[in-house]
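> Following is a predicted model, sequence given first.
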Amino acid sequence: MLELLVKYARDHDLKAEPGFKPKPVRWFIVCDKEGRFLDVAELGDTEAKKNPGQPFQKCPDLSQPELVSGSEMRSHFLVDTAEVVALLGKGSEDPKVQEKHRYFVKLLREAGRSMPELATAAHLLEDEQFLLKIRERLQAGKAKPTDKVTLKVGDCVLVESDAWHDWWREFRRGLSSARTTKKSRGSKGESAHLMRCFASGEMVEPVATHPKITGLADVGGQASGSALIGFDKDAFRSYHLSQSANAAVSEGVANAYRAAIDDLLRKHSQRLAGAKVIHWFKKHVPPEDDPLAWLEVGEEEQERSAQQRAEDLLESLRTGKRVDLLGNYFYAMTLSGSGGRVMVRDWMEGQFERLLESIHQWFSDLEIVNWSGSKAAKTPGLEKVITSLLPPQKPQQRYDDWVKPIGAERLALWHAATRWDTPIPYSVLSRLVVLDTKFRVSGTFEDALKNHEKDPKSFAILASLLHARMGLMKAYHLRKERMKGGKEMPQDLKPYLNEDHPSPAYHCGRLMAVLADVQRAALGDVGAGVVQRYYAAASATPALVLGRLTRTSQFHLNKLEPGLAHWFETIIAGIWGRIKDTIPRTLTLEEQSLFALGYYQQMARIKAGKTDSK
């Protein structure tokens with residue numbers, strides 16, 4: 001894994017030199033060549049709701065040990081937070097922040113011997129009147145104390161210049177020498193020794209602590225970064241080795257894998273219910289041909305069906321039209337944070353063609369008719385499919401707390417989407433059945449349907465949720481049958497209604513849908529109707545409910561026009577003909593899901609028929 005990450009960094013020419021890393025900067029503090037304050041300027045996408053700022057590829061960077069070693073309070077050089085650079089927020093009152101600010105200015109002044117503009121910037125930040133104006137302008141722009149800030153002198157963007165690079169390298173060597181001297185004094189003269197690098201296989205002097213991964217703060221990590229490799233507790237260590245000597249890599253390799261993960265998190269990652277999946281390929285794959293990207297947005301945000309795109313690309317591979325993709329491999333890591341640590345939840349690698357087949361199969365298994373019966377629903381992204389296993393997020397509920405109960409299902413569905421022969425767990429179906437029953441009984445969808453012209457956005461969200469749940473129920477049964485080597489289920493369980501389905505449970509669901517529509521046709525909106533009152537009982541114990549509801553429907557049929565009544569009677573008789581004398585007394589959980597699918601697909605058929613008749 002480390003070797004592949006290091007190779008990615010080298011193949012993509014990432015700046016992995018120790019002491020440097022890419023950083024996003026939100027604000028420029030701008031002064032003239034004499035050091036007089038002019039203004040502040042916001043960088044990045046200023047219209048975005050969450051503007052991360054503009055990335056700069058080679059910013060100076062100190063590791064955590066470099067920041068905390070020594071007797072003085074240290075800050076980063078040239079790029080740091082608005083709190084440190086301008087004493088924004090409570091920084092003007094906090095002695096520790098003030099000490100960091102003085103260190104920031106001190107570095108600028110020392111580096112000014114190599115680049116005069118840095119000394120000019122130091123002069124600006126030493127002036128209390130200028131600092132006050134800087135804070136006022138940052139506050140007016142609604143800057144946060146944690147926003148990253150750097151300086152611009154005249155037309156010179158200091159962080160983009162390489163004039164200070166040699167000074168910075170020498171400065172870090174001085175820090176390293178001081179730490180090494182202190183360490184050797186505390187280790188009774190024990191000298192550093194070479195070890196075999198885990199990633200390169202070469203003999204190297206292992207770096208004591210590894211650089212931190214940023215970009216996981218929204219999935220449990222720290223804003224300052226989290227360590228992928230770290231041994232800060234005695235229980236984590238072996239053979240009397242200290243710190244990261246327990247997994248020896250050189251400083252260059254550590255910076256390379258950090259640069260690779262940071263780059264992948266920015267460019268090739270997708271959020272997955274409290275985790276992030278990063279992926280890359282052995283050989284270049286054009287963005288439009290990246291099947292893992294299709295999983296992120298599904299088909300709802302694509303003009304062209306992802307399933308069709310997968311079919312076309314597979315055909316191109318098999319006919320030799322896309323030789324550039326032959327023999328390619330993919331790699332994927334599922335990451336989350338746990339405070340200061342990176343948690344690797346999953347690692348996956350395999351052939352590109354097999355991945356393409358799997359994702360094509362995923363979309364095929366999920367395919368389901370839309371609620372109106374007019375066409376196949378567009379498959380939602382994997383994140384939406386996974387979160388369909390949850391009740392609605394409560395107001396003020398943190399996202400991490402909301403998705404926490406489905407950690408195991410998240411990983412299982414990720415595997416199911418990327419490996420065609422992976423079953424969907426029973427726990428997924430269990431959650432789906434319970435949630436769908438509550439959804440039906442609550443009448444939420446019917447209420448939203450009545451008001452969909454007034455609030456189309458809310459209705460679209462509910463419709464997408466319904467499609468995700470129904471598609472996932474269907475996929476569960478298809479995968480289970482496929483694992484057993486059966487061939488009947490794919491023929492029986494289709495995206496649209498199947499009047500010849502062999503399961504009585506499926507037809508019980510169909511019957512419930514028709515009886516509910518009979519009541520609506522006869523009585524209109526009567527508040528709590530057949531579905532709200534009897535769906536839960538009918539889906540669990542159909543023999544106790546459906547016979548009585550069928551008899552009651554005769555009163556409703558008598559209120560309809562003869563032609564419409566005859567049409568309903570024909571459908572009801574046909575469904576009872578399928579059930580015959582085998583109406584189940586109770587339904588298992590799997591049968592309840594078939595009941596739900598029968599109900600849904602029959603309702604879609606009814607709605608499509610009404611649309612056609614208008």
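Looks like it came in fine. Residues are numbered from 1 along each chain as shown.

> show me the contacts for Y600.
By Cβ atoms under 8 Å, 6 or more residues apart in numbering, the residues touching Y600 are I368, W371, L466, M470, G509, A513. For glycine as for every other residue, the C-beta is placed from the backbone atoms N, C-alpha and C.

> Filter the residues you listed down to the ones in helices?
Here DSSP state H is the test, and the contacts of Y600 give L466, M470, G509, A513 as lying in helices.

> Can you report how many residues lie near the second one?
Okay, so that is M470. Counted with other Cβ atoms under 10 Å, the neighbours of M470 add up to 27.

> shaky segments in the protein?
Across the chain, the ranges flagged by pLDDT under 70 are 91, 176-192, 232, 235-237, 298-304, 486-490, 526-528, 610-614.

> can you tell me which residue is nearest the centre of it?
R271 (0.5 Å; Cα atoms, centre = their mean).

> I'd assumed E383 was in contact with it.
Yes: with contact defined as Cβ atoms under 8 Å, R271 counts as touching E383 (5.9 Å).

> Give me the neighbour count for N558.
Using other Cβ under 10 Å, N558 has 9 other residues around it.

> give the contact list for it.
N558 makes contact with A565 under the criterion Cβ under 8 Å, 6+ apart.

> how much space between it and V518?
11 Å (Cβ to Cβ, to the nearest Å).

> go on, D290?
In this view, D290 and V518 are 49 Å apart by Cβ to Cβ.

> Of these two, which one has the most company?
V518 (27 against 17).

> Give me the secondary structure label for the closest residue to V40 other than its chain neighbours.
Closest residue in space to V40, ignoring its immediate chain neighbours: R137 at 4.5 Å, by Cβ to Cβ, 6 or more residues apart in numbering. What DSSP: H, G, I helix; E, B strand; the rest coil gives for R137 is helix.

> Count the residues that sit near R137.
Using other Cβ under 10 Å, R137 is surrounded by 19 other residues.

> do the same with the one 10 residues further on
As a burial measure, D147 scores 23 neighbours (other Cβ under 10 Å).

> For the spatially closest residue to it that is not a sequence neighbour, grab phi and psi.
Nearest residue to D147 in three dimensions, chain neighbours excluded: R26, at 4.1 Å (Cβ to Cβ, 6+ apart). When read as degrees, to the nearest 10, the backbone of R26 gives phi -90, psi -30.

> ok, R26 - how many residues close by?
Using other Cβ under 10 Å, the number of residues around R26 comes to 24.

> give me every residue that touches it.
The contact partners of R26, taken as Cβ under 8 Å, 6+ apart, are E42, L43, G44, N51, P52, G53, Q54, A143, D147, K148, V149.

> Out of the residues you listed, who's the most crowded?
Of those, with other Cβ under 10 Å as the count, V149 tops at 26 neighbours.

> Assign it to helix, strand or coil.
Secondary structure, three-state DSSP: V149 is strand.

> N558 versus that one, what's the distance?
77 Å.

> and what of A565?
In this view, A565 and N558 are 7 Å apart by Cβ to Cβ.

> could you pull out the strands for the stretch 51-200 of the chain?
Secondary structure of the stretch 51-200 of the chain (DSSP state E, counting those that start in this stretch): strands at 54-60, 80-81, 148-153, 156-157, 195-196.

> So which of the ones you listed is nearest V97?
Ranking the strands of the stretch 51-200 of the chain by distance to V97, with Cβ to Cβ as the measure, places strand 80-81 first at 9.1 Å.

> The closest one pairs with which strands?
Sheet pairing of strand 80-81 (DSSP bridges) gives strand 148-153 (antiparallel).

> so how many other residues sit close to R482?
Residues within reach of R482, counting by other Cβ under 10 Å, total 18.

> so it is in which element?
Using DSSP states H and E, the element containing R482 is helix 456-483.

> Give me the buried stretch members for that helix, please.
Burial within helix 456-483, assessed by neighbour count using 16 or more other Cβ atoms under 10 Å, is assigned to 459, 462-482.

> Kindly report the same for stretch 535-543.
Across stretch 535-543, burial judged by 16+ other Cβ under 10 Å covers Y535, A536, A538, S539, A540, P542.

> same thing with stretch 116-128?
Within stretch 116-128, the residues that qualify as buried by neighbour count (16+ other Cβ under 10 Å) are E117, L118, A119, T120, A121, A122, H123, L124, L125.

> mind putting those in JSON lines, distance to H284 included?
Putting the buried residues of stretch 116-128 into JSON lines (distance: Cβ to Cβ, whole Å) gives the following:
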{"residue": "E117", "distance to H284": "39"}
{"residue": "L118", "distance to H284": "39"}
{"residue": "A119", "distance to H284": "44"}
{"residue": "T120", "distance to H284": "44"}
{"residue": "A121", "distance to H284": "40"}
{"residue": "A122", "distance to H284": "44"}
{"residue": "H123", "distance to H284": "48"}
{"residue": "L124", "distance to H284": "45"}
{"residue": "L125", "distance to H284": "44"}
